[in-house]
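>>> structure here, sequence nowhere to be found:
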């Protein structure tokens, strides 16, 4: 009797299991229009794209790859590939998934210190393009210049390769060499060459200042990006200039590709006592102001230098200064990146860097894909690429006596006018 009871119970359990399996198979088949494992397709499925059907298809492909591919696969790598692909499918160049190593490489420069060759780069089409070599860095000593395109790293073609991957290839262990293949110039003047750089520990001085003309109180601060250390470095530079009798300031944001929004807002509050720094516009389309209430105000005339590589947070600062009447802009139209990215923890050190907001200037104009047009348009001299190597030798971006830096020289003229040094003509 006892044996019969156990047998009957086992049959019941087996029947329940079979029913569950059959139910799941039928549900999957109805959802996807496919009979699993057999690969038979009878239709498109009952659920719309983006619902459980798509997740079922995703899992089915994963299982087929894991069980049918000719060689054994790493399931983790397949999942990482799917996460990368899902972010890429958004079609936004500023939205992407980063595995732990990629995120570490991305975050290193914004921490203020890393091992590399010392330059900021930006993705321009298929090319990772030099924006600014840091002073006394391997990149500067090797003669790299803004607008140079990196097309190879250690013999590997990197045209069309994402920025974060190219940056990872360029960085490495301190004291080791890296060979960059560079394209310079356009059309018939285009040249291709290799340059070998030795990686160093780069401590980024992202904000630094000096007196241009001490007798006149004309000061200069250059901000190359907005890292975690930038506000402190800016405060130090500004305090030193004030101690030397600052009366007018040139703020150089040329070649500044952006960085952390919060650090940018902190510095904006050094210039603007009261007013709106920017508007943040999320998915609901409602502009939300970021105010400068409690700011200190700069208290002296300001001229801001911008160029085609002034982007993102740098454009926020430039627009806030101009729209609040604190200063004027000189140079050429800026890059035009008007979105805010937020990092989302995906577990295990991986991060989804997602565009979550657009931002508007205080006058509520959008700069995405348009940029900010300066009050006074001044371009740097245009030279033949065959002569540019000698022409730009020793160009520092901070010497107002250099006739090649027409933008900085014009900024000094405007400050002198504001201070009445030339009679206000």
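The structure has been received and is ready for your questions. Computed from a predicted structure; not experimentally measured.
>>> quick one, what contacts the residue nearest to residue 411 when sequence neighbours are not counted?
Closest residue to residue 411 apart from its sequence neighbours, by C-beta to C-beta, 6 or more residues apart in numbering: residue 303 at 4.1 Å. C-beta here means a position set from N, CA and C on the backbone, and glycine is covered the same way. For residue 303, the contacting residues are 248-251, 327-330, 411, 414-415, by C-beta atoms under 8 Å, 6 or more residues apart in numbering.
>>> repeat that for 6 Å
The contact partners of residue 303, by C-beta atoms under 6 Å, 6 or more residues apart in numbering, come to 250, 327-328, 330, 411, 414-415.
>>> just the ones of those in strands?
Residues of those located in strands (DSSP state E): 250, 327-328, 330.
>>> and of the residues you listed, the nearest to residue 356?
residue 327 (29.4 Å; C-beta to C-beta).
>>> what's the first helix or strand after the helix or strand of the chain with the lowest mean pLDDT?
When the helices and strands of the chain are scored by mean pLDDT, DSSP states H and E, strand 40-41 comes last with a mean of 52. Downstream of strand 40-41, the first helix or strand assigned by DSSP states H and E is helix 52-68.
>>> isn't there a strand covering residue 357?
Yes. According to DSSP: H, G, I helix; E, B strand; the rest coil, residue 357 belongs to a strand.
>>> tell me the contacts of it?
Here residue 357 is in contact with 280-282, 340 (criterion: C-beta under 6 Å, 6+ apart).
>>> could you report the neighbour count for the closest residue to it other than its chain neighbours?
In this structure, residue 357 finds its nearest non-sequential neighbour in residue 340, 4.1 Å apart by C-beta to C-beta, 6+ apart. Residues lying near residue 340 (other C-beta atoms under 10 Å) number 20.
>>> residue 359: neighbour count?
Residues near residue 359, counting by other C-beta under 10 Å, number 25.
>>> which residues does it contact?
278, 280, 338, 340.
>>> who wins for neighbours among those residues?
Counting by other C-beta under 10 Å, top hit in the contacts of residue 359: residue 278 with 29 neighbours.
>>> part of a strand, is that residue?
Yes. Remark: residue 278 belongs to a strand, assigned using three-state DSSP.
>>> bridged to it, which residues?
Counting by DSSP bridges, residue 278 forms beta bridges with residue 290.
>>> gap between it and residue 372?
Noted for residue 278: a distance of 12 Å to residue 372, by C-beta to C-beta, to the nearest Å.
>>> one step back: now neighbour count and pLDDT too, for the contacts of residue 303, in a markdown table please.
Output for the contacts of residue 303, formatted as a markdown table (neighbours: other C-beta atoms under 10 Å; pLDDT from 0 to 100):
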| residue | neighbour count | pLDDT |
| --- | --- | --- |
| 250 | 26 | 98 |
| 327 | 27 | 97 |
| 328 | 18 | 98 |
| 330 | 26 | 98 |
| 411 | 31 | 98 |
| 414 | 19 | 97 |
| 415 | 26 | 98 |
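>>> strand partners (parallel or antiparallel) of the helix or strand where the residue nearest to residue 411 lies?
In this assignment (DSSP H and E), residue 303 forms part of strand 302-306. Using DSSP bridges, strand 302-306 pairs in its sheet with strand 248-252 (parallel), strand 327-331 (parallel).
>>> mean confidence for it?
For strand 302-306, mean pLDDT rounds to 98.
>>> list the buried residues for that strand?
Neighbour-count burial for strand 302-306, counted by 16 or more other C-beta atoms under 10 Å, picks out 302-306.
>>> of these, closest to residue 367?
residue 306 (11.2 Å).
>>> got a list of what residue 364 touches?
Contacts of residue 364 (C-beta under 6 Å, 6+ apart): none.
>>> the helix or strand containing residue 236 packs against which elements?
Per DSSP H and E, residue 236 falls inside helix 230-243. Other helices and strands packing on helix 230-243, by 3 or more C-beta pairs under 6 Å, 6 or more residues apart in numbering; DSSP states H and E, are strand 207-213, helix 261-271.
>>> please redo it, this time with the cut-off set to 8 Å
In terms of contact count using 3 or more C-beta pairs under 8 Å, 6 or more residues apart in numbering; DSSP states H and E, helix 230-243 is assigned the packing partners strand 207-213, strand 218-223, helix 261-271.
>>> could you dump these to CSV with distance to residue 244 and mean pLDDT?
Formatted as CSV, these follow (distance: least, C-beta to C-beta, whole Å; pLDDT from 0 to 100):
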stretch, distance to residue 244, mean pLDDT
strand 207-213, 5, 97
strand 218-223, 7, 98
helix 261-271, 17, 95
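>>> buried deepest among these, which one?
Among the helices and strands packed on helix 230-243, ranked by average contacts under mean count of other C-beta atoms under 10 Å, first place goes to strand 218-223 (a mean of 25).
>>> domain parsing of this protein, as residue ranges.
Following automatic domain parsing, one finds the domains of the chain at 2-73, 113-203, 207-418.
>>> can you put the ones you listed in TSV and add distance to residue 95?
Listed next are the domains of the chain as TSV, based on distance: least, C-beta to C-beta, whole Å:
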stretch	distance to residue 95
domain 2-73	18
domain 113-203	12
domain 207-418	5
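>>> between those domains, which one is nearest to residue 91?
domain 207-418 (10.6 Å).
>>> how far does the closest one sit from the chain's center?
Relative to the chain's own centre, domain 207-418 is displaced by 15 Å; criterion: C-alpha atoms, centre = their mean, to the nearest Å.
>>> before we move on, what about stretch 185-204?
With C-alpha atoms, centre = their mean, you get 20 Å for stretch 185-204.
>>> give me the contacts around it.
109, 112-118, 134, 137-139, 142-144, 151-152, 171-184, 224-225, 227, 229, 384-386, 388.
>>> which residues of this structure fall in helices?
Listed in chain order, the helices of the chain (DSSP state H) span 2-32, 52-68, 75-88, 100-111, 138-141, 163-170, 230-243, 261-271, 313-323, 388-391, 406-418.
>>> what packs against the third one?
In this structure, helix 75-88 packs against helix 52-68, strand 96-98, strand 350-360, with contacts taken as 3+ C-beta pairs under 8 Å, 6+ apart.
>>> so which of these is the most packed in?
strand 96-98 (a mean of 22).
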